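just a sequence and a predicted model for now, questions to come.
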Amino acid sequence: MQMLLSVGRTAIAVAVLALLGACSGDQMEAERHGGRLTIRGAGATFPKPLYEKWIGIYGERESDVVFEYAGVGSGNGIKFFLAGKDASGEVFEGAPIHFGASDAAMSDAEIAVANQRDGALLVPTTGGMVVLAYNLPGVIGLRLSREAVIGIFSGKIKTWNDTRIAASNPDLELPKKTMSPVVRLDSSGTTFIFTSHLAAVSPDWREGPGAGKRIDWPGNAMQVNYNSGVAQRIKLSEGAIGYTEYEFAERLGLPVAVLENRAGNFVRPAPAAGTAALQSAPEVPDDLRVFVSDPPGADAYPIVTYTWLLLRKRYDNPEERDALKRAVLWGLTEGQPIAAEMGYLPLPDEMIDLAKAKVELID
Amino acid sequence: MPNNPFTQAGSSSTITRPPSGAERTGDTVFRGIAYACAGLIVLLVIAILWQLGREAAPAMAEHGLGFWYGTTWDVNKEQFGVLPEIWGTLYSSLLALLLGGIFGIAIAIFLTQDFIHHRLAVVFRTIVELLAAIPSVVYGLWGIYVLIPLIRPAADWLHEQLGWFPLFGTSMSGPGLAPAALVLAIMILPTVAAISVDAFRRIPYKVKEAAYGMGTTKWEAILKVMLPTASSGILAALVLGFGRALGETMALAMLIGNANQISWSLFAPANTLASLLASNFPEAGAVEVQALMYAALVLLLITFIVNVVGLAVQQYTMRKFEGKQ
C-alpha cells in the first residue's frame, strides 16, 4: 500500500506540474529559456489544496512568476527546507526549494540548524481543525468526552458500548462492536496536533505516549499513511474511529464526533467554533509558534492548529525574495476569504498583522 | 582383422564414433556455464544475507534477542520488537495453508482421478493456473471492495453467537486476519493445485490398476493408494505455497489492517513482517532502517526454517509411503 501511495504521491506531484504546464504551455517553454522565475515549496499535505488554489488564482495576476508546491508531509517539508532541496532528487528533480510548510511549525533544534545558514521565519497562513471521524452504522451525532477520547486512543476502551462513551450519549443506542482506532503511520503534523491535545488534556498521556509526529500507538490501532488513507480506512471499517483534518472527513462524507472542550461544553466541528478556538489562544510568542493544544473558550472546538510557511530570513536573489514576499502578503490578505470558502479557518486579524510584520523582515 | 569390433567402431562408416573435439569443447563449455549459474545463485543468496546482516548489525547489537519477543515499535524511544508481526505472519499463512491446501489437493484429485474428461481437465487446470497471473494489488483491491463486505454478515453473526470463543472474540471492522487469510489462500491455490496435479500424474497407471485389481472402490484407491503415493509431491506443493504466503506483501499490506497486536480473533486487524517492511520503509530514518533490516532477516530465517522442516517431512514421507530412499 505504501509503495502504491508513494507512487500515487509522485503521480500527483507530476500531475500538478503537468497541470501547471498545461495551463500555460508557453510559460513552461519560456521558463526553459530562462525567462521566468520559478519559486518552489514543499511540505504539509493538510494546506495543500489551499496553496494550490492560491497558486492558481495568484498565478493569473502575476504571470511572470511560477509557483510550485509539493505535498510531502510536514516532516519532509522541514527536511527539504533545511537542505534547500530534496536531496534524494525525487521532488522537483532536486531543484532548489525556496520555502517549506509544516503543521507542527519547527522545533528549537531545527531552527538552530536553519540559523547556521539563512535563518528561518515561521509565518502562519491558515488554521484547521482535526476531527474524529467514525464509522458506526445508525449512530449519528456521537458525543465524546475528553475521558472517552483518551480511553479510545490509549486502547483502554475495547467496545463501543463502553460506559465512558455511553455516559455522554444517553439518547444513542451504541452497539457492542469492537473499537478500532485508526491512526497515522507516517510522520505527520496531524498526529502532532492530535497528540499535543491529548497530552494537554491528560497527565497520563503526557507521561506515557506523549506528543509527537509519530508515537507508539496501542496494539489495536490500525496504522495507515496520510490523511486520505485514514479517512478511507475509516470508511471501509465498521467500528472504526480516527483523527483526520476536517476536509478529508468531509470529502468522504464521514460522520464526525462532537467533542468536549476545556470548558466542558460539547462542540461540533464547524468553522465558527474553530475560529473561536484560534482566537482564544493565549499570548502569541514572538516567533509566532503558537500551539492551541487545549483552547479555553466556551464555544471553542478543542483540536485546532495553525499551519506555517517556513521562509528564510535572507534570500540571495532579490527577484525571488520580492516575488515570494508579495505572494505571501497576498495570501495573508486576499487569500484569507478563499481559505474560509474551502473550509479552512481564516487567521484572526491580530495574527494577520503579526504575520505581515514577519514577512516584512525578510531581507 | 576385419571383424574387430573396435576398429569398426573407430571407422567413419558407422554411426557410432567417439565424440569429436568440437563436441567435447561444447560439452565442457556447457558444463562450465551450468556450474557458473549454480554458483552464482549460491553467491547471490550469500550476498543478500551478507548485505542484510551488515545493515542490520547495529540493530542486532542494540536489541539482540529482545527484538524477537518485543511487542512495541516505537521510533521515538528507539524500541523495536516484532513478535506481533511474527504472530501475524505465521497465523495468516497457516490459515491460508489450511484453506488453500485443502482446496488445492481437492482440485488436484478432481482433475486427475477420472472425475471429468481429460480435455475438460486441461481447461480447468489452465483456469486455476490463471489465478497465479493476477497481480497481488488486484487481489488486495478485490479483498477490500468485494470480499470484506461479503464476509461481514457471517463474521458479525459468528461474533454475536459465539463471541466467547477466542477465534470470534472481536467484531470484524474491515481489514483483518480473516480477509487477509482468505485472499492468501486463493493466491497460493494455483501453486498447490498445479504441483499436486503433477504429483498425481507421475504415479504410474499400473499402481491404480493394481489397486482396482485388489478390489478397492474408487475412493479407497484415491485415499489409501494414490494420495500416499503422491504425498511427497503434495508436501512439496504445500511447502512452496506456505513460502509464498509468508512473503506475500502487497495484498496483505492492504488487507491485514496494520495493527501491531497479538490476538486470537480471526476478525481483528494484525500485521505481518512483509507488510511492516513495505509500509515503514519509505518514511524510515537511519535507526528504523536498521531495525527493518533486522526484521527482514527474521522473515528470511522463518522462511528458511519452514523450508528445511518441509524438506525433512517430505523425505520422511517418501521413505514411509513410497519406499524410496
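Perfect, thanks for sending it.

what about whichever strand or helix holds B:I46, near chain A?
Using DSSP states H and E, the element containing B:I46 is helix B:21-63. No: in terms of C-beta under 8 Å from any C-beta of the partner chain, no part of helix B:21-63 sits within range of chain A; the closest distance is 15.1 Å. C-beta here means a position set from N, CA and C on the backbone, and glycine is covered the same way.

elements contacting that helix?
helix B:286-322 (3 or more C-beta pairs under 8 Å, 6 or more residues apart in numbering or on different chains; DSSP states H and E).

list the buried residues of the helix it packs on.
B:288-300, B:302-303, B:306, B:310, B:313-314, B:317-318 (16 or more other C-beta atoms under 10 Å in any protein chain shown).

around residue 40, count how many other residues there are.
Picked chain A for this. Look at A:R40: counted by other C-beta atoms under 10 Å in any protein chain shown, it has 19 neighbours.

could you do chain B instead?
Residues lying near B:L40 (other C-beta under 10 Å) number 11.

go on, B:W219?
10.

so how far is the helix or strand containing it from its chain's centroid?
According to DSSP H and E, B:W219 maps onto helix B:218-220. The chain centroid and the centroid of helix B:218-220 are separated by 29 Å under C-alpha atoms, centre = their mean, to the nearest Å.

after that helix, which helix or strand is next? Please name it.
Counting by DSSP H and E, what follows helix B:218-220 is helix B:227-229.

average pLDDT for that following helix?
Summarised as a single mean, pLDDT over helix B:227-229 is 90.

can you mark which positions in that helix are buried?
Buried, per 16+ other C-beta under 10 Å, within helix B:227-229: B:227, B:229.

and if you look at stretch A:41-53?
Buried-residue list, stretch A:41-53, by 16+ other C-beta under 10 Å: A:41-52.

stretch B:104-118 too?
Within stretch B:104-118, the residues scored as buried using 16+ other C-beta under 10 Å are B:104-105, B:107-109, B:111-113.

now the end-to-end length of that stretch.
One end of stretch B:104-118 sits 18 Å from the other (C-alpha to C-alpha, to the nearest Å).

low-confidence ranges in chain A?
Within chain A, the stretches with pLDDT under 70 are A:1-35.

which bits of it sit near chain B?
Close to chain B, as judged by C-beta under 8 Å from any C-beta, chain A has residues A:1-4, A:6, A:75, A:176-178, A:180, A:185-187, A:210, A:212, A:214-216, A:218-225, A:233, A:236-240.

and these, which are buried?
A:1-2, A:4, A:6, A:75, A:177-178, A:180, A:185-187, A:212, A:214-216, A:218-225, A:233, A:236-240.

roughly how far apart are B:V289 and B:V197?
Using C-beta to C-beta, to the nearest Å, B:V289 is found at 43 Å from B:V197.

check which residues of stretch A:345-357 are buried.
A:345-348, A:351, A:354-355.

export these as CSV, with columns for secondary structure.
Converted to CSV, the buried residues of stretch A:345-357 look like this (DSSP: H, G, I helix; E, B strand; the rest coil):
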residue, secondary structure
A:L345, strand
A:P346, coil
A:L347, coil
A:P348, coil
A:M351, helix
A:L354, helix
A:A355, helix
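
return the closest of the residues you listed with respect to chain B.
Using C-beta to the nearest C-beta, A:L345 is the member of these that lies nearest chain B, at 27.9 Å.

my guess is the closest one meets A:M351, correct?
No: if you go by C-beta atoms under 8 Å, A:L345 and A:M351 don't touch, sitting 10.7 Å apart.

if I look at the two, which residues touch both of them?
Counting by C-beta atoms under 8 Å, 6 or more residues apart in numbering or on different chains, the shared contacts of A:L345 and A:M351 are A:L278.

the buried residues of stretch A:345-357: which two are farthest apart?
Greatest spatial distance in the buried residues of stretch A:345-357: A:L345 and A:L354, 16.1 Å, computed using C-beta to C-beta.

mind checking the end-to-end distance for stretch A:303-320?
From its first residue to its last, stretch A:303-320 covers 36 Å (C-alpha to C-alpha).

how about that stretch: buried residues?
A:303-312, A:315, A:320.

ditto for stretch A:61-70
A:65-70.

now render the residues you listed as CSV, adding secondary structure.
What follows is the buried residues of stretch A:61-70, written out as CSV (three-state DSSP):
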residue, secondary structure
A:V65, strand
A:V66, strand
A:F67, strand
A:E68, strand
A:Y69, strand
A:A70, strand
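
and the closest residue in space to A:Y344 that isn't next to it in sequence, how many residues sit next to it?
Sequence neighbours aside, A:T126 is the residue nearest to A:Y344 in space, at 4.4 Å (criterion: C-beta to C-beta, 6 or more residues apart in numbering or on different chains). By other C-beta under 10 Å, 27 other residues sit near A:T126.

what parts of the stretch 101-250 of chain B come near chain A?
So the stretch 101-250 of chain B meets chain A at B:137, B:140, B:144, B:148, B:152, B:170-175, B:250 (C-beta under 8 Å from any C-beta).

now the strands for the stretch 151-300 of chain A?
With strands called from DSSP state E, counting those that start in this stretch, the stretch 151-300 of chain A shows them at A:180-184, A:222-224, A:240-245, A:258-260, A:266-267.

now these as JSON lines including distance to B:A237?
Below are the strands of the stretch 151-300 of chain A laid out as JSON lines (distance: least, C-beta to C-beta, whole Å):
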{"stretch": "strand A:180-184", "distance to B:A237": "36"}
{"stretch": "strand A:222-224", "distance to B:A237": "34"}
{"stretch": "strand A:240-245", "distance to B:A237": "38"}
{"stretch": "strand A:258-260", "distance to B:A237": "54"}
{"stretch": "strand A:266-267", "distance to B:A237": "59"}
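
between those strands, which gets nearest to A:A167?
Nearest to A:A167 among the strands of the stretch 151-300 of chain A is strand A:258-260; the distance by C-beta to C-beta comes to 11.1 Å.

I'd guess B:F267 is in a helix, am I close?
No: in this structure, B:F267 is coil, not part of a helix, as judged by three-state DSSP.

list the contacts for it?
Residues counted as contacts of B:F267 (C-beta under 8 Å, 6+ apart) are A:178, B:155, B:159, B:168, B:170-173, B:176-178.

what do you get for B:I116?
B:I116 makes contacts with B:110, B:124, as judged by C-beta under 8 Å, 6+ apart.

any chance of TSV for the buried residues of stretch B:104-118, columns secondary structure?
Listed next are the buried residues of stretch B:104-118 as TSV, based on three-state DSSP:
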residue	secondary structure
B:G104	helix
B:I105	helix
B:I107	helix
B:A108	helix
B:I109	helix
B:L111	helix
B:T112	helix
B:Q113	coil
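
whichever residue of the stretch 201-325 of chain B sits closest to chain A sits in which helix or strand?
Using C-beta to the nearest C-beta, the single residue of the stretch 201-325 of chain B nearest to chain A is B:Q261, 3.1 Å away. In this assignment (DSSP H and E), B:Q261 forms part of neither any helix nor any strand.

can you tell me how far the residue lying closest to it once chain neighbours are set aside is from B:G81?
Leaving aside its sequence neighbours, B:Q261 sits nearest to A:G219 (C-beta to C-beta, 6+ apart; 3.1 Å). For A:G219, the distance to B:G81 equals 11 Å [C-beta to C-beta].

no more questions from me, cheers.
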